[in-house]
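Visitor: sequence first, predicted model second:
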There are 2 protein chains.
Amino acid sequence: MATDTVTLCWLDATSQRPDAAAGAAARHRQNQLTKPAGSLGELETLAVRLATLQGREQPQIERVNMTVFAADHGVARHAVSAFPQAVTGEMLRNFSRGGAAINVLAGELAAELEVIDLGVVNDPGALPGVQSARLGAGTADWTQEPALTPAQCQNALNIGRASADRAVQRGAQLYIGGEMGIGNTTTAAALACAVLNRPAADLAGPGTGVSPSGVRHKCAIIEAGLQRHRTLLDDPLQVLRGLGGFEIAALAGAYGRCAALGLPVLIDGFISSVAALIACRLQPAVSDWLLFSHRSAEPGHGVILDALDARPLLDLGLRLGEGSGAAVAVPLLRLACALHNGMATFAEAGVSDSEQG
Amino acid sequence: MATDTVTLCWLDATSQRPDAAAGAAARHRQNQLTKPAGSLGELETLAVRLATLQGREQPQIERVNMTVFAADHGVARHAVSAFPQAVTGEMLRNFSRGGAAINVLAGELAAELEVIDLGVVNDPGALPGVQSARLGAGTADWTQEPALTPAQCQNALNIGRASADRAVQRGAQLYIGGEMGIGNTTTAAALACAVLNRPAADLAGPGTGVSPSGVRHKCAIIEAGLQRHRTLLDDPLQVLRGLGGFEIAALAGAYGRCAALGLPVLIDGFISSVAALIACRLQPAVSDWLLFSHRSAEPGHGVILDALDARPLLDLGLRLGEGSGAAVAVPLLRLACALHNGMATFAEAGVSDSEQG
């Protein structure tokens, strides 16, 4: 295990510190703009937060990176999803052809989109626009054995890390991670139960659309997995190895690296939030770099958001994944910056800001 | 009053009927897209709703019209706002120079922006980009007398109507109405109290930022106005004449005309919602054409949204007006349409949609 210890030490790398002075300058600017103080609500908070993260009074979110990690889960053999496992690989082809939600959103937002195959059950071969970084034909079934080998876990984290490095090299001002993997709400729920010490019933939900009896079945599978891995539950890295999946480990690695590089992250929904939870347990200062886009329809999301002290921007009943909910929130960040940077001040406009009441 | 009866009869014009067949086709399309059914939540509902309103399976929200109506309120003499009354006219100049929030938002969204002076206290004279349609130097103080004369009310409604006509002529696919007027949360709260038969305390709030004692003062002013106009309270048009203001009447006229022309409307915040309430009381079928953008920080907004059975898209603590909250929600409508129109179907993508669970 010495190898792991060495190569994973970047996970403990110090996160960048947000720039409080830039934040104070941005707050000062906000209070001079021609509007009642505070009247742009969360958009003001967002502009000031982005200023602290980007280290400048006038932040910008023009260049957005999206990386979607796809992988299969051994636990899917227990029929925990409303869809057959083959859909993960089929969706890789759909990403390649540009037909999925995240393709449409990336196009509309003029965002950079990367898709990475970390290991779907049937190797799709070379697909245009899809990077192959296969770590296996899906993870092992975590009701029976650890989902990932130590090497797989390390590689998945490093693949996520490399995607953050590439985003920074391309000049991205925001990182969005997405995921695709049949069965991954079950794995994500199990991870959250392990990290937060909660029963399966608090985190298991319908996912892609299983019935109430299907949710009860998911709970039983999760409880079996937690029992199988009960000796690991006090170490977030061991929990990640025990339960997986490839794509969740990659997201956690990407988020950790974004924090180390000072690149703001916009978190998507249930699964991305669980990856964020793991990243924050590995390195608490990562949380400074995370913005939360939406509250998912998946009922367990609220538990994870509470644990992360997160207040998401949107609540639209989304539960698709792929990074789609984060993408939908990007225009709010852009408009918050545009208002912050583009509105006249009271002095510039000759508008009275003295209050009489 | 015979003149009024004749010229206002367009308010009773039949609203267009949404196209249920286009909605059914859009719902069918949604269910074939490569995602779990329902996983795009409110964005699916929105795409289908827009399909029914635009009468086509694949709706579009590219061309957006924004019209901001500015006017002063006689009731502002009672110090009901945190800002002096001169700010309304100063903000007209700010709109003219492009420095206000709605200017920035219109630019970012590539929306058409009209600004109309319906009567601020100090005539600003000709301003580039501002249409002068002055009905007086503000409304009369409705604690003492009717805010509008019958002719002013009729003219304000007709000016709103004409803005909807222009929007349709320009090919707009969405109408947003905005307002600016120091004191207009007080007038709007009074209107809502009158129409909904609620006490002032249920509708009065801090507006641009008055203190709790200022809110109590607003309540007293509103109760005085309701008492003064108590004989009119069963007729929404008489209530509008009694309380004003010019900009709220114009918004109500615009919304009514949009419904008659079949142009979807995206409602902004507290004041716009009160105008929508008046429009719906004048012609209930107007409500079919109204989409609600956000839940305002103004506490009374919830009462009005409930009365309109409205579920707004955003809840970001906005309370600026000018149409700004509606503008901020425009990207959600556009992304909902883009996803609806651009995603591959299961058949096109060769993705399994048979459910196993």
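Guide: Yes, it's here. What you are looking at is a predicted structure, and each value in this text was computed from that prediction instead of being measured.

Visitor: which stretches of the stretch 101-250 of chain A form strands?
Guide: Per DSSP state E, counting those that start in this stretch, the stretch 101-250 of chain A carries strands over the ranges A:112-119, A:130-132, A:174-180.

Visitor: chain center to the longest one: distance?
Guide: Computed by Cα atoms, centre = their mean, to the nearest Å, the separation of strand A:112-119 from the middle of its chain amounts to 14 Å.

Visitor: now could you export just the CA positions of that strand as PDB?
Guide: The C-alpha trace of strand A:112-119 is given here as PDB (Å, rounded to 0.1, in the frame of the first residue of the first chain):
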ATOM      1  CA  GLU A 112     -16.000  22.800 -23.200                       C
ATOM      2  CA  LEU A 113     -17.300  19.200 -22.900                       C
ATOM      3  CA  GLU A 114     -15.100  16.200 -22.100                       C
ATOM      4  CA  VAL A 115     -16.500  12.700 -21.800                       C
ATOM      5  CA  ILE A 116     -14.300  10.000 -20.200                       C
ATOM      6  CA  ASP A 117     -15.100   6.200 -20.200                       C
ATOM      7  CA  LEU A 118     -13.700   4.900 -16.900                       C
ATOM      8  CA  GLY A 119     -15.100   1.500 -17.500                       C
END
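
Visitor: touching that strand from outside, list them.
Guide: Contacts with strand A:112-119, where a contact means Cβ atoms under 8 Å, 6 or more residues apart in numbering or on different chains, come from A:63-72, A:92, A:95-96, A:102-103, A:106, A:124, A:127, A:129-139, A:156, A:159, A:163, A:166-167, A:170, A:172, A:246-247, A:250. In this view, the C-beta of every residue, glycine as well, is placed from N, C-alpha and C.

Visitor: deepest of the strands of the stretch 101-250 of chain A, which one?
Guide: Across those, averaging neighbours per residue (mean count of other Cβ atoms under 10 Å in any protein chain shown) puts strand A:174-180 on top, at a mean of 30.

Visitor: pLDDT on it, on average?
Guide: Here strand A:174-180 scores 98 as its mean pLDDT.

Visitor: close to chain B, is that strand?
Guide: No - contact of strand A:174-180 with chain B (Cβ under 8 Å from any Cβ of the partner chain) is absent, the minimum separation being 10.8 Å.

Visitor: next, the angle from that strand to strand A:112-119.
Guide: 40 degrees (axes from the mean of the first three to the mean of the last three Cα atoms, to 10 degrees).

Visitor: by contact count, what packs against strand A:174-180?
Guide: Contact here means 3 or more Cβ pairs under 8 Å, 6 or more residues apart in numbering or on different chains; DSSP states H and E; on that basis strand A:174-180 packs against strand A:64-71, helix A:86-97, helix A:150-169, helix A:246-261, strand A:265-267, helix A:270-282, helix A:324-342.

Visitor: at 7 Å instead, please
Guide: If contacts are counted by 3 or more Cβ pairs under 7 Å, 6 or more residues apart in numbering or on different chains; DSSP states H and E, strand A:174-180 sits against strand A:64-71, helix A:246-261, strand A:265-267, helix A:270-282, helix A:324-342.

Visitor: and those as a markdown table, adding mean neighbour count, distance to chain B and mean pLDDT?
Guide: Shown next, in a markdown table, are those (neighbours: other Cβ atoms under 10 Å in any protein chain shown; distance: least, Cβ to the nearest Cβ, whole Å; pLDDT from 0 to 100):
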| stretch | mean neighbour count | distance to chain B | mean pLDDT |
| --- | --- | --- | --- |
| strand A:64-71 | 29 | 13 | 98 |
| helix A:246-261 | 30 | 17 | 97 |
| strand A:265-267 | 28 | 14 | 98 |
| helix A:270-282 | 27 | 11 | 97 |
| helix A:324-342 | 25 | 3 | 98 |
